[in-house]
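Asks: need a structure here:
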Amino acid sequence: METFSSLVALLAKRAETQPDARAYIFLSDRGAEEAILTFRELHDAARALAARLGEVTRPGDRAMLVFPPGLEFVVAFFGCLIARVIAVPMMMPRRQSARDSSAAIMANCEPAIALTSSAFAIRGDLQERFSREGLQWLAVDLDTTPAQPAADLPLPAREDIAFLQYTSGSTSEPKGVAVSHGNLLANLEMIRISLGNTERSTYVNWVPLYHDMGLILNTLEAFYVGALCVLMAPNAFTQRPLNWLRAISDYRAEVACCPNFGYDLCVSRYRAEQMQGVDLSSWKIALNGAEPVHAETIKQFIETFAAHGFDPRAAFPAYGMAEATLLISGGSRGAGHVTRDVSRAALQAHRAEAPADAADSQTLVGCGRALEGERIAIVDPDTCARLPVDQVGEVWVNGANVAGAYWKNPEATRTGLHARIAGDDDGASWLRTGDLGFLDRTGEVFITGRIKDLIIVRGINHYPQDLERTVQAAHAALRANCGAAFSVSDEHGDETLVVVQEVERTERNRIDGAEMKGLIREHVTDQHELFARHIVLIRPGTLPKTTSGKIQRSLARRLWSEGRFEDLAADAD
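Replies: Residues are numbered from 1 along each chain as shown. So this is what the prediction gives:
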């Protein structure tokens, strides 16, 4: 593909060579086309906004992007790139939520301006939530009135910061990853090669645009290859997930990506009558990432939707994070997914070995291999020495897609983005992902958990996601993907297990609390030889999660220790 210095130069090229081709379509909750932008219209609307930004900001200023679902976010993002203002995508806060990261993000990036849609610019609670001295608000619409001549707007350089992607904060305070134009272009090209996409590779996306999967893997990658990207609201997906599949069918999309829970949701909401006429045979890349990928999820999705033309070879597990711009590893188009049965006992000792018997077996899903021009290493997190194949350690990454800095956080930059592997003398800087995993002999990456989330009881390592799945399998009333397992120190300094688990709304008045907690303890003891000393059963929607749906176990631990969870079965202990 032709080389560009930034997405701004590529936008000008797309507007010139594909002016009338549709770049983005936004669908209403019912699937109707609510807004459309061609490449020329996107170019003109973004240029018009950049001219307005130039009147009230300077290059290098930060602009918060606080948008409801729609195409205005896309115009705002490209407008910032053209004006050389650093975009900061933000989650639209819920009206009543006391747990959002906006204050911490604002304190770190010190924005000069906040961009939102016309409809939300008048929301008083929004401006109150983001109150900051000197912060200006600018309403963005899809106006394509021609802007000032291009000569007045210098192109950004590859080393300039394009945007700040704040980490989801699943184990820590959010940090602003400073993604340069060079990082962005490098990762978009890596993704193009891995996915094998062209301008005919239509995307359908529901993942929020403030999240890196929604922004980069979907919205920007489709633009990068010159393909159509069909967008829908996240709520529209969670309420009617089969509409996502219908849109894939209607637009003959090749690419549609989402976290593991999204595929689970499609299976659980499957109704044959709602899938009448839906043909998924065009779907070539069903990328699964942003949270742990489960073999059972992929298996059930294939079994459920094969009758509607879904090709099992389209299943595409992948691994990535904001510090690497987005994608770190993935497979290749049409190759299908890789699974491996390993020993639970050996995994607890940080080794990947064949299981001794069925009871010792655990199935892991491979997340592909290192992308073109990138290196992945498995490293001992304490000694920083490289580990051999089938040894579990921390995943480290080196490549042009790895950001050079966290915004105004030199210590985290030094330790997290510029690490050195002991014994390597090439001087290379490595990203420490904080994730545990191993490489097999072919270079396939298997992710096993987060270092900080690891539960160590009596010297044995336990992965919290394994415990959580055991709990949720104990009874249908326990919500899937809505539990947290973590350890705390007891009065003797020993680590003990805590389980916080949501109960389905329809079941919470029917269950016997003591009986349910006994059932959970029985399952956990049987499967993991652990005693769940503390169990809290909570209402739906009260477990803290990141914007991408990851369980915030460290926050859950803090809320539990402060007694802030309402236990639906408090009398059962």
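
Asks: quick one: contacts for residue 463?
Replies: Contact analysis of residue 463 by Cβ atoms under 8 Å, 6 or more residues apart in numbering lists 347, 448-449, 453-455. Every C-beta, even on glycine, is put in place using the N, C-alpha and C of the backbone.

Asks: quick one: mean pLDDT over the helix or strand where residue 557 lies.
Replies: With elements taken from DSSP states H and E, the one containing residue 557 is helix 553-561. Averaged over helix 553-561, pLDDT sits at 88.

Asks: can you check stretch 368-378 too?
Replies: On average, stretch 368-378 scores 97.

Asks: which of the residues in it are buried?
Replies: 368-371, 374, 376-378 (16 or more other Cβ atoms under 10 Å).

Asks: can you pick out the most distant pair from the residues you listed?
Replies: Greatest spatial distance in the buried residues of stretch 368-378: 371 and 378, 16.5 Å, computed using Cβ to Cβ.

Asks: circling back: so which of the buried residues of stretch 368-378 are in strands?
Replies: Filtering those for membership in strands, criterion DSSP state E, returns 369-370, 374, 376-378.

Asks: closest one of the contacts of residue 463 to residue 210?
Replies: Of these, the one sitting nearest to residue 210 (Cβ to Cβ) turns out to be residue 453, at 23.6 Å.

Asks: I'd say that closest one and residue 553 touch.
Replies: Yes: between residue 453 and residue 553 there is a contact under Cβ atoms under 8 Å: 5.2 Å.

Asks: of these two, who's got more company?
Replies: Taking other Cβ atoms under 10 Å, residue 453 and residue 553 do not tie; residue 553 has more neighbours (26 against 22).

Asks: quick one, helices of the stretch 301-450 of the chain?
Replies: Assigned by DSSP state H, counting those that start in this stretch, the helices in the stretch 301-450 of the chain fall at 344-348, 410-412.

Asks: of all these, which has the lowest average per-residue confidence?
Replies: Looking at the helices of the stretch 301-450 of the chain, the bottom one is helix 344-348 with a mean of 86.

Asks: related to what we said a few turns ago, comparing the helices of the stretch 301-450 of the chain, which comes out most buried?
Replies: Most buried of the helices of the stretch 301-450 of the chain by mean neighbour count (mean count of other Cβ atoms under 10 Å) is helix 344-348; its value is a mean of 18.

Asks: can you list the low-confidence ranges for this structure?
Replies: Low-confidence segments of the chain (pLDDT under 70): 93-100, 121-127, 132-133, 144-152, 168-172, 458-459, 491-494, 547-548, 572-573.

Asks: need the longest strand for it.
Replies: Under DSSP E, the chain gives strand 478-489 as its longest strand.

Asks: which parts of the stretch 151-300 of the chain are helices?
Replies: So, for the stretch 151-300 of the chain - with DSSP H, counting those that start in this stretch - the helices run 181-195, 212, 221-225, 234-239, 242-250, 260-268, 295-305.

Asks: so which residue is smack in the middle of the protein?
Replies: What sits nearest the mean C-alpha location of the chain, by Cα atoms, centre = their mean, is residue 290, with 3.7 Å.

Asks: hang on, the earlier thing: how far off strand 478-489 does the helix holding residue 557 point, in degrees?
Replies: Orientation check (axes from the mean of the first three to the mean of the last three Cα atoms, to 10 degrees): helix 553-561 against strand 478-489 gives 80 degrees.

Asks: buried set for helix 553-561?
Replies: Buried residues in helix 553-561, counting neighbours by 16+ other Cβ under 10 Å, are found at 553-557, 559-560.

Asks: what's the closest of the residues you listed to residue 73?
Replies: Distances from residue 73 to the buried residues of helix 553-561, taken by Cβ to Cβ, are shortest for residue 555, at 26.6 Å.

Asks: how close does that closest one get to residue 5?
Replies: In this view, residue 555 and residue 5 are 40 Å apart by Cβ to Cβ, to the nearest Å.

Asks: with just CA atoms, put stretch 501-515 into CSV.
Replies: This file holds the C-alpha atoms of stretch 501-515, laid out as CSV (Å, rounded to 0.1, in the frame of the first residue of the first chain):
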residue,chain,number,x,y,z
GLN,A,501,-21.2,-12.3,41.7
GLU,A,502,-24.2,-10.7,40.0
VAL,A,503,-27.5,-12.5,40.1
GLU,A,504,-29.9,-12.4,37.1
ARG,A,505,-32.7,-9.8,37.6
THR,A,506,-35.4,-12.4,37.1
GLU,A,507,-33.9,-14.8,39.7
ARG,A,508,-32.9,-12.6,42.6
ASN,A,509,-36.1,-12.9,44.5
ARG,A,510,-36.4,-16.6,43.9
ILE,A,511,-33.0,-17.9,45.1
ASP,A,512,-32.2,-19.2,48.5
GLY,A,513,-29.0,-17.2,49.5
ALA,A,514,-27.5,-19.8,51.8
GLU,A,515,-28.2,-22.5,49.4
